[in-house]
Each structure stands twice: as structure tokens, then as C-alpha cells.
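1. Predicted model, plus sequence, below.
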Amino acid sequence: MDVPNLLKKLERVKAPPDFEQKILAQLSLRKRRKQRIKYLRPSLAGAFSAALVFFIVVNVFILPKKGTREVADLEKGLASPSIFQRGGGPRKGETIPIIEAVDYAGEIQSASREPQTIYILEQVSEGTSTKIKY
Amino acid sequence: MDEQELVRQIQDGDEMAFAEVVKIYKDKIVNFLCKLTGDYQKAVDLSQETFMRVYFKAHKYRPVAPLSSWIYAIASNLAKTEMKKMRKYTVISLDEVQSRVPIEAYRKNPPDSGLTRNLKKALDSLHPRYRIPVILKDIEGFSQEEIAQIMKRPVGTIKARINRGRNYLKIELEKASCVENSFTKKEEYQDGCA
């Protein structure tokens, strides 16, 4: 069986009569669409970069983040709210005394039912107490 | 007008030159894609897309190969993508085909002769890897070197694929003719009984 000859004899089909008109119509349509995309793409990119810049500016300069430790101190009433105000933070070289009240008696009482023994822990040091510098 | 000159004009956005290229190649491309996909409407749609790409990607054309090779390369790539989408790669076994085709299809006057119909069917079941070079060689009349340029494969590979494709078609045609003979015998037997 001679396959190449058989294939050559296969009937050839032709393009439909309105093929060229359809292609030219499609061409003008696609050209218009490409033109639109050509202008749309830079404007979209511009809008996106403007939004990005706005987001960065708002996050970095307008809404400064508060540290979790500072917020916890504020809740306990140990830190003054003034340090959270803009420009009200501790200046360089300034010392902040930290005083923490501890109820040892209450803690021991809740731990056991034995007769209460109170341990007094005292700092044995000849030196003067130093302040912590931040 | 010279084809290279036409391409140069298309690159400058000349629609008249583009229309000229469409006029020259429309029938060839539609026929090639019809043989490749086995569907005329799909072939027409793919041909339109091929010419759209010719216009919009004209700046990518390099005059190292003839324009026809470039257009056929675009068409065959589009067809391959389309066939992947349609999952036309699945090969149906001959037994399955035999059970699907009713005997009446062979009795009443078919639009094509049995051999042509079987050839089309065999061509459809051939993997595109072999179908494209066989169609380009035996139907479109390209040389092996031109097909190698279109498919971006070495000439040796193309030669092997054409041979394998032809052999497959030959075997399928022989099988189909055996099936057809068995149907005819069955028909004669049934007529005899009546």
C-alpha cells in the first residue's frame, strides 16, 4: 500500500469565502484592544506604585508602632502615658526608676496550708543602689 | 512582490501587505490544519489565529527561513496546543472502533470511499509527533530540511518520524481493510439467510 500517494490524493479543503474579511475585521478589533492595553498598563502600574508609596508613608511616618512591653507597662500603671506621646519618650541619658510592688505574704499563703513562714529577702550589699540606665 | 518585502511592510504595520500574505497562504494553512485536527471549523479558527500572530509577531521573523516555514511553524504550534487541550492524544483501540461503527455505515453510500475514510481515521489516530511531519511531507509537499526548520528538530529525527508515521498508517489501513472485509462477509451471510 503506497501511503504517500494515497495522502497526496486526499481531497484538499479551501478557506471559506469570507475568510479575509473576517481576519481584517478581527485585526482592527485586536489593534484597538492592544492600543487600550498600551495606555492602561502604565496607568495601572502608576496607580499601584502610588498606593504602595502611600501605604509605606502611612505605616512608617504617621502610625508609629508601640512596643508590646510598653503597652503592658501602661496597663499595669507603671509607665506614664506621656512616654507614648509623640516626642515624649525618654531622652538620651535620662534615667527612669522602676519600682515594682511584690506581695510575698499573699503568694506564700496561697502556695501551702502549713504555718506561715515569712522570708524576708534583703539585699546584702555595702554599695549604694544604682539606677538602671536606659 | 517578494515575500521578504511583504514581511518588511507588515512589520511597518501595512495591512495591505498582510492581506496579500493571507490571500497567498489561507487555503494552504486551512487545509494543513484541517488534516491535522480533523475538524474544518476548528481549522478555520486556528488559521485566523495563525494569521493574527503573523501580523502581531512579524517583528520576530528572521529572514533565515522562508516565510512559508515560519507561518507553518506558527500553525502547527497552535494546533499542537489545541490538540493537547482537546486530549486528542488518546489512541482508540481498533476493537473499540469496530464496536462503535454500525454496519449500516458501510452499507449505505458513504461520502468518501472506504480507503479515504480509513486513511483519515488512521491519520487522526496518529500521534501529532508523527502526524505533523507526515502531513507536511506527503500532503503539503515540503522537503525534509524545511520540515526540520518548521519543527525545530534535526533532519534525521524528521526522517525517522516520517517513516514511522507512514508505517503506522500502512498497518492501520491494512487492519481497517480486514475489518471491512469481515463486515462484507457478514452482510453476505445475513442476506443469504434471508
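-> On my side now, so go ahead.
2. only C-alpha atoms for contact and neighbour calcs from this point on.
-> Will do.
3. The spatially most central residue of chain B in helix, strand or coil?
-> The residue lying closest to the centre of chain B (Cα atoms, centre = their mean) is residue B:36, at 2.3 Å. Judged by DSSP: H, G, I helix; E, B strand; the rest coil, the three-state class of residue B:36 is helix.
4. and the longest helix along chain A, does that touch chain B?
-> With secondary structure taken from DSSP state H, chain A has its longest helix at helix A:19-57. Yes: residues of helix A:19-57 contacting chain B under Cα under 8 Å from any Cα of the partner chain: A:19-20, A:23-24, A:27.
5. Retrieve the pLDDT associated with the nearest residue to residue B:142 once chain neighbours are set aside.
-> What sits nearest to residue B:142 in space, not counting adjacent residues and going by Cα to Cα, 6 or more residues apart in numbering or on different chains, is residue B:136, at 5.7 Å. In this model, residue B:136 is scored at 93, pLDDT.
6. in chain A, what spans have low per-residue confidence?
-> A:1, A:64-94, A:106-116, A:123-134 (pLDDT under 70).
7. The same query, at a cut-off of 80, please.
-> A:1, A:62-134 (pLDDT under 80).
8. Which residues of it lie near chain B?
-> A:1-8, A:10, A:12-16, A:19-20, A:23-24, A:27.
9. Let's see the PyMOL selection covering just the buried ones among these.
-> For the buried members of the residues of chain A next to chain B, the matching PyMOL selection, counting by 16 or more other Cα atoms under 10 Å in any protein chain shown, is:
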select buried, chain A and resi 3+4+7+13+15+19+20+23+24+27
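10. about what we covered before: so what does the longest helix of chain A touch, helix or strand wise?
-> On a contact count with 3 or more Cα pairs under 8 Å, 6 or more residues apart in numbering or on different chains; DSSP states H and E, helix A:19-57 meets helix B:15-37, helix B:40-56.
11. now do 6 Å
-> Identification of packing neighbours for helix A:19-57 by 3 or more Cα pairs under 6 Å, 6 or more residues apart in numbering or on different chains; DSSP states H and E yields no helix or strand.
12. Flag every buried residue along it.
-> A:19-20, A:23-24, A:27.
13. Taking helix B:40-56 as reference, get the angle to it.
-> 60 degrees (axes from the mean of the first three to the mean of the last three Cα atoms, to 10 degrees).
14. Export only the CA atoms of stretch B:151-166, formatted as CSV.
-> Taking Å, rounded to 0.1, in the frame of the first residue of the first chain, the C-alpha atoms of stretch B:151-166 are listed here in CSV:
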residue,chain,number,x,y,z
MET,B,151,9.5,21.7,13.7
LYS,B,152,12.9,22.8,15.0
ARG,B,153,14.2,19.3,15.0
PRO,B,154,17.3,17.6,13.3
VAL,B,155,16.7,16.3,9.8
GLY,B,156,17.4,12.7,10.9
THR,B,157,14.7,12.9,13.5
ILE,B,158,12.2,14.2,10.9
LYS,B,159,13.2,11.4,8.5
ALA,B,160,12.6,8.8,11.2
ARG,B,161,9.3,10.3,12.2
ILE,B,162,8.0,10.3,8.7
ASN,B,163,9.0,6.7,8.2
ARG,B,164,7.4,5.6,11.4
GLY,B,165,4.3,7.6,10.7
ARG,B,166,3.9,6.1,7.2
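15. which residues sit against that stretch?
-> The contact list for stretch B:151-166 (Cα atoms under 6 Å, 6 or more residues apart in numbering or on different chains) reads B:130, B:133-134, B:145, B:148.
16. can you do 8 Å?
-> A:3-4, B:73, B:126, B:129-131, B:133-134, B:137, B:144-145, B:147-148 (Cα atoms under 8 Å, 6 or more residues apart in numbering or on different chains).
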